[in-house]
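[1] Let me see the structure of the following:
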Amino acid sequence: MNIIIYGTTDISYLVATRLHQQHNITILHESGELSEKFHNLDVSLVEGSGGDIAALQRIEAQKADLFIACAAIDEANIVACWTIKKLADTETICFVGKASLYRNFSSMSNNQYQTRYDIDSVIWPEQLLTQDIYRIISVPEALDVEFLAGGKAKLFEYRIKKDSTLVDRAIRDCRFPQHVLIPGITREGKLFIPNGDTVITHNDKVFFIGSGVALDALAADIFNHERKIRTVSIVGGGAVGFMLAERLEKSGIKVKLIEHSQQRCLFLADSLKKTLVLQGDGTDLELLESESIAQADACICTTNNDEKNLLCSLLLKQLGAKRIVTRVGNIQNYELFEHVGIDVVVSPKASALTEVLNRVQAQKVDVVALIEGGKGEMLSLTLPDNFEEKRIRDLQLPAKAIIGVVIRGHRVIIPHGDTVLSPRDRLKIFSMKEDSEKIKTFFFA
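    Residues are numbered from 1 along each chain as shown. The predicted structure is shown next:
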């Protein structure tokens, strides 16, 4: 594909890094704002404005298959998407950072105002992050949760504790509920795809994929998590903290929210009818203790400052917090946060990157989820009409991967080696990042 990326933000760099080896990438940037790191990528770098027709014509924007606007200014991104539509009916993705703009340009209720210049996809990273956090905390102690096939299949990630019945046992000897597979394990920061002889060890992070019913049974029987989340503490009343509190309120969960800004607290108190809003600093140990913040079933740190989130998380951990979910802005800090013991690390940029990759994939392939900060991928693909029926064990895949789910019509199948794949089957495949292109090519060669 020919892809134009407008802007040189962290998001644009992440997108370019993931796409430049398989696609022709042109990065359009304003004068004087290009970082040196972009020169290390195999991309074309052109100075100009996304809202300048002459600049777009100079890079032959009318031939582009996709235009991604992710500059630092929302309005510049919107204008850039409108401008390229004057040249051609190019698919556009527009990043925004304001709730009002997201509502205005993504709301289905505004269909009566549609024009040929409309933006095709609007991405607000904070909104995607809120969805991710809510989904994760819905399963007690899970590190990650992905719903597949409309929730009929799921992907759970758990850290194996010292007293777990799974410690020091080979996968083939573990008594999991029927229709459950282990597609991946992270050990000492390294993600790999196991086999039946792989021995699960203390502190492993293990991925389980299976039918929704089977994984719910796994959570209850093996991880003993029948209780639901009833109380949540949130540090940071920005967009993510506010939207998360709203969703939790609707689910009947009691929420305490700490926000530093007095003006923001007034807004939060007026907008959230059941949430207890506290003005203060999330790193104030006295406040955390006096308000029993760490006693909640889950503690969420959502400020846009990595250092503050890290310090607050460590204080909550010291106070005995059962489960901590922490936002990280710089993806390079992901492993650092995990290394110091943060239970779950989430990133709005990672959430947004997954959304972009879904728009870029060709040949009926989507990236359902990025695994372990992008070390692995959960792929979704539909087998072509000319696919020759074959058992999974006979596939001879070019790289190690796990076919975790087969969707055939209305049926959801958790497959094994003798499962026969047929044309038009929809597959959910767990793959390492470096092998994902080989897997995609194999099924559509």
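[2] When you work out contacts or count neighbours from here on, use the C-alpha atoms and nothing else.
    Fine.
[3] any idea how far L45 is from the residue most central in space within the chain?
    Nearest to the mean C-alpha position of the chain, by C-alpha atoms, centre = their mean, lies S351 at 3.4 Å. S351 sits 26 Å away from L45, going by C-alpha to C-alpha, to the nearest Å.
[4] just K400 next, same as before
    Note on K400: its distance to L45, by C-alpha to C-alpha, is 36 Å.
[5] wouldn't T303 be in contact with F242 here?
    No - with contact defined as C-alpha atoms under 8 Å, T303 does not reach F242; the gap is 11.0 Å.
[6] Below-threshold pLDDT in the stretch 251-400 of the chain: ranges please.
    361-364 (pLDDT under 70).
[7] how about the helices in it?
    With DSSP state H, counting those that start in this stretch, the ranges of helices along the stretch 251-400 of the chain come out as 262-271, 285-290, 306-318, 334-339, 348-360.
[8] would CSV of these with distance to F430 be doable?
    Compiled in CSV, those are given as follows (distance: least, C-alpha to C-alpha, whole Å):
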stretch, distance to F430
helix 262-271, 40
helix 285-290, 40
helix 306-318, 30
helix 334-339, 21
helix 348-360, 15
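[9] who wins for proximity to L215 among those helices?
    Comparing those by their distance to L215 (C-alpha to C-alpha), the top pick is helix 348-360, with 23.4 Å.
[10] starting at the chain centroid, how far to the closest one?
    Taking the mean of its C-alpha atoms, helix 348-360 sits 7 Å from the chain's own mean (C-alpha atoms, centre = their mean, to the nearest Å).
[11] Ok, stretch 350-370 next?
    In terms of C-alpha atoms, centre = their mean, the centre of stretch 350-370 is set 10 Å apart from its chain centre.
[12] Name the residues of that stretch that are buried.
    By neighbour count on 16 or more other C-alpha atoms under 10 Å, the buried set for stretch 350-370 is 350-360, 365-370.
[13] CA-only coordinates of it in PDB, if you can.
    This file holds the C-alpha atoms of stretch 350-370, laid out as PDB (Å, rounded to 0.1, in the frame of the first residue of the first chain):
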ATOM      1  CA  ALA A 350      -0.500   0.900  21.900                       C
ATOM      2  CA  SER A 351      -4.400   0.900  21.800                       C
ATOM      3  CA  ALA A 352      -4.300   3.400  19.000                       C
ATOM      4  CA  LEU A 353      -1.600   1.400  17.100                       C
ATOM      5  CA  THR A 354      -3.800  -1.700  17.100                       C
ATOM      6  CA  GLU A 355      -6.700   0.300  15.700                       C
ATOM      7  CA  VAL A 356      -4.500   1.700  12.800                       C
ATOM      8  CA  LEU A 357      -3.100  -1.800  12.000                       C
ATOM      9  CA  ASN A 358      -6.600  -3.000  11.600                       C
ATOM     10  CA  ARG A 359      -7.200  -0.400   8.900                       C
ATOM     11  CA  VAL A 360      -4.000  -1.200   7.000                       C
ATOM     12  CA  GLN A 361      -4.200  -5.000   6.800                       C
ATOM     13  CA  ALA A 362      -4.800  -6.500   3.400                       C
ATOM     14  CA  GLN A 363      -6.400  -9.700   2.300                       C
ATOM     15  CA  LYS A 364      -9.000  -9.900   5.000                       C
ATOM     16  CA  VAL A 365      -6.500  -9.900   7.800                       C
ATOM     17  CA  ASP A 366      -6.900  -7.800  11.000                       C
ATOM     18  CA  VAL A 367      -4.700  -7.400  14.100                       C
ATOM     19  CA  VAL A 368      -7.200  -8.100  16.900                       C
ATOM     20  CA  ALA A 369      -4.600  -7.300  19.600                       C
ATOM     21  CA  LEU A 370      -1.000  -6.500  20.200                       C
END
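[14] that older thread, show me the one of the helices of the stretch 251-400 of the chain that comes nearest T8.
    With C-alpha to C-alpha as the measure, helix 348-360 is the member of the helices of the stretch 251-400 of the chain nearest T8 (13.9 Å).
[15] Check which helices and strands that closest one sits against.
    Contacting helix 348-360 under the criterion 3 or more C-alpha pairs under 8 Å, 6 or more residues apart in numbering; DSSP states H and E are the following elements: helix 10-19, helix 125-137, strand 365-371.
[16] The shortest one vs helix 348-360, what angle?
    With axes from the mean of the first three to the mean of the last three C-alpha atoms, to 10 degrees as the criterion, the two stretches strand 365-371 and helix 348-360 enclose an angle of 160 degrees.
[17] before we move on, what about the second one?
    Angle of helix 125-137 versus helix 348-360, following the same axes, to 10 degrees, is 100 degrees.
[18] In three-state terms, how would V167 be classified?
    Three-state call for V167 (DSSP: H, G, I helix; E, B strand; the rest coil): coil.
[19] For the residue nearest to it when sequence neighbours are not counted, give me the backbone phi and psi.
    In this structure, V167 finds its nearest non-sequential neighbour in T201, 5.0 Å apart by C-alpha to C-alpha, 6 or more residues apart in numbering. Dihedral pair for T201: phi -120, psi 160, per degrees, to the nearest 10.
[20] same question, the one 10 residues further on
    Main-chain dihedrals, S211, degrees, to the nearest 10: phi -60, psi 160.
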